[in-house]
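Q: Got a sequence here, can you build the structure:
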Amino acid sequence: MRQLRHRRLTAVVALATVLLTAAPPTVASAGGRPDRQPGYHRVGYFTQWGIYGRAFSVKKLDASGAASRLTHLNYAFGNVSEDGRCYVDGGPGEGDAWADYQRPVPAEESVDGVADAPGQALNGNFGQLAKLKAKHPDLKVLISLGGWSWSTYFSNAARTDASRKAFVASCIDLYLKGNLPGSPGAAAGVFDGVDLDWEWPNWDGEPGNVIRPEDRENFTKLLAEFRRQLDAYGRTTGAHHPLTAFLPANPATMDAGYEGRKIFKYLDFGTVQGYDFHGGWEAVANQQSALRVPAGSPDNPDFSVEVAIDGWLTRGAPRDKLVLGIPFYGRGWTGVTGGGNGLFQPAAGPAPATYEAGYEDYKQLKTLAGNGYTVHRDLRAGHAWLFDGTTFWTYDDPAVVLQKMLYIRRTGLGGAMIWSLDGDDDNATLTKTIGVGLTTW
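A: Numbering: from 1, shown residues only. So this is what the prediction gives:
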């Protein structure tokens, strides 16, 4: 049975390769140079809250083999205060210092099998990240600032020269120098750099976010200040401290909030949102992460990986500094009517799921195939979905992920990013697929 599955996957990948090569050229594919660099970035987000319901510890990154396939690990997330500072607060909605660095991790959850002692200077996820880095010394760990929920006050932090200087200094002090509240230097060496996940400059994100027209120029200035202070800090450590940013898929958001090529002067690379193109907030079952806009799409214009990457390239982004985001989760609808395979059919609402309606981890969705659900594929558009006649899930399985790795190689992009690592199965199947697909022979 295992050999049969392997032959089927091989056949799917071979056909996907033919279709990918035969597709009409776009900005991304035109002039693409595969294997143009000595290695690809393989970036994974580790979620602070994943240790709870998902029971996803730092140790699982090592035990599953995921850590050895990554070049960068982004810790999600660090918060930004109203007065524009990096801070850790255990208050509800403000942070989780317990998960970050206070929780004594038991031996069975510890990377090295040694339990934390209560009250020691560094416990929790930060302490485990230090142990993970000891086992994987080439792995770079970045603190990711903001995210959907904590981008509220980014605009305040970026508003003036003085506010930018103070904000960046506070972030380097807290995370890179490791000066945790009450424990100076305790987390020094855990974080190598900073990832900015401002969602979004001068564009609607979560309701209540502070938004200003000058965010567009101030984002570039904020990157410049981060690069200046990180380089200055690097002169004391003898190391390069990476600076990255999470970038949107929507061309309108690109224009509103970003100065195209200017931002890449300061970034090591940018990770591009390759997902959430559609979801249960809409009344039609659709794709959330297709490589290309599928034929028959009801939306014009529509979103796709290709639209997102082409959007950044036409705005001056260097292709080798674009890292494509891959979802380790699916989006789902229920009450789908209209027959057929469910795609583009009306739906009653988001599908029931484990943690959030309309959102389910890959490790759960993989169990549905063959258990009442049929897997459907559009190889030319590069996406897959599950449908049981009523409930529809759009997701990336290993075949889709591998097709996207071929796209990255063909178009000369900088690598792949994962949101988020806790969605993978216990064998790190999708993470290993990315590792195989981006191996430079």
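
Q: is it true that Q288 touches E282?
A: No. Q288 is not in contact with E282 according to CB atoms under 8 Å; the separation is 10.2 Å. Where you see a C-beta, it was placed from the backbone N, CA and C, and this is true even at glycine.

Q: Could you list the low-pLDDT ranges of this structure?
A: Low-confidence segments of the chain, defined by pLDDT under 70: 1-25, 29-38, 441.

Q: which residues in it form helices?
A: Using DSSP state H, the helices of the chain run over 2-22, 58-63, 97, 124-135, 154-157, 161-171, 215-237, 251-257, 305-314, 362-365, 398-411, 429-437.

Q: Quick one: list the elements packing against the fourth one.
A: Spelled out, it's helix 124-135. Counting contacts by 3 or more CB pairs under 8 Å, 6 or more residues apart in numbering; DSSP states H and E, helix 124-135 packs against helix 58-63, strand 72-80, strand 140-146.

Q: Other residues contacting that helix?
A: Residues from elsewhere that reach helix 124-135 (CB atoms under 8 Å, 6 or more residues apart in numbering): 46, 48, 51, 57-59, 61-62, 67, 73, 75, 98-103, 105, 109-112, 116, 120, 122, 139, 141, 180, 187, 189-190.

Q: List only buried entries from the residues you listed.
A: Buried residues within the contacts of helix 124-135, counting neighbours by 16 or more other CB atoms under 10 Å: 46, 48, 51, 57-59, 61-62, 67, 73, 75, 99-103, 105, 109-111, 116, 122, 139, 141, 180, 187, 189-190.

Q: residues in contact with P106?
A: Contact analysis of P106 by CB under 8 Å, 6+ apart lists A115, D116.

Q: how near is it to Y75?
A: From P106 across to Y75, the span is 21 Å (CB to CB, to the nearest Å).

Q: For L343, which residues are in contact?
A: Contacts for L343 (CB under 8 Å, 6+ apart) come out as A285, N286, Q287, P294, G296, H376, W385, F387, F392.

Q: Contacts only, for the third one.
A: Yep, that's Q287 we're talking about. Q287 touches F277, H278, P294, S304, L343, A381, H383, W385, T394, counting by CB under 8 Å, 6+ apart.

Q: cool, the fourth one as well?
A: For P294, the residues meeting the contact criterion (CB under 8 Å, 6+ apart) are Q287, L343, D378, A381, H383.

Q: Can I get those in TSV including distance to V88?
A: Below are the contacts of P294 laid out as TSV (distance: CB to CB, whole Å):
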residue	distance to V88
Q287	38
L343	44
D378	44
A381	43
H383	39
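
Q: of all the residues you listed, which two lie farthest apart?
A: Spatial extent of these (CB to CB) is set by the pair L343 and A381 at 10.1 Å.
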